[in-house]
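Colleague: here's my sequence, what's the structure:
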Amino acid sequence: MGIILDVAEYPTFLKWVTSARAKRSGPDKTDADVLIGHRLFTAPISARLVRCGLGRVDILYRRGPIRDLSSTWTVAPTSDDDGSQTRTGCLVSVVVDIQPGLLLSPIVNGALDRGLTRLVESFEARAHSLYGRSGTAAVARSPDYPDISP
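Modeller: Residues are numbered from 1 along each chain as shown. Model (predicted):
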């Protein structure tokens, strides 16, 4: 969970984050201000990260280019074939909730899908650089939420 909550480090591994700062607003809450940029586009994003127990972080976006956006990150240790937990890996799940009216066109949907995939891959690469590689990972989609790219 440390990688998700360490907002100040985002510019070091998320290439579209140009600056980031975080301020703790409670024992399990962090308010974050992030500036994203790509080519001529820049946008400030404000969010509250809420740690919900040991393996979950809820992110509630307060200001940014997309309204009514939230996400939930869960991290669970992987199990060996015998069912025992191992400390060499984990399963990360990210659920993004966007109000349906915001999905404006197939082009926007495809860009959003690709952006979210790159986001997860960037966090995965950061974890591998900090903790080592214990296997391979893939971005998988729930059958309830199919690929929305055009």
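Colleague: which strands or helices does the longest strand seen in the chain pack on?
Modeller: Longest among the strand segments of the chain by residue count, using DSSP state E, is strand 85-98. Counting contacts by 3 or more C-beta pairs under 8 Å, 6 or more residues apart in numbering; DSSP states H and E, strand 85-98 is packed against strand 69-79, helix 106-131. The C-beta positions use only the backbone N, C-alpha and C, and glycine is treated the same way.
Colleague: pull the contacting residues for residue 116.
Modeller: 94, 96 (C-beta atoms under 8 Å, 6 or more residues apart in numbering).
Colleague: swap that for residue 93, sorry
Modeller: Here residue 93 is in contact with 72, 73, 74, 75, 76 (criterion: C-beta under 8 Å, 6+ apart).
Colleague: before we move on, what about residue 10?
Modeller: 17, 20, 34.
Colleague: inside strands: which ones of those residues?
Modeller: Among the contacts of residue 10, the members falling in strands (DSSP E) are 17, 20, 34.
Colleague: could these go into a markdown table alongside neighbour count, pLDDT and distance to residue 58?
Modeller: Formatted as a markdown table, those follow (neighbours: other C-beta atoms under 10 Å; pLDDT from 0 to 100; distance: C-beta to C-beta, whole Å):
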| residue | neighbour count | pLDDT | distance to residue 58 |
| --- | --- | --- | --- |
| 17 | 18 | 94 | 20 |
| 20 | 19 | 96 | 18 |
| 34 | 21 | 94 | 16 |
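Colleague: wait, which of those residues is closest to residue 119?
Modeller: residue 17 (10.1 Å; C-beta to C-beta).
Colleague: quick check: that closest one touching residue 38?
Modeller: No: using C-beta atoms under 8 Å, residue 17 makes no contact with residue 38, being 10.2 Å away.
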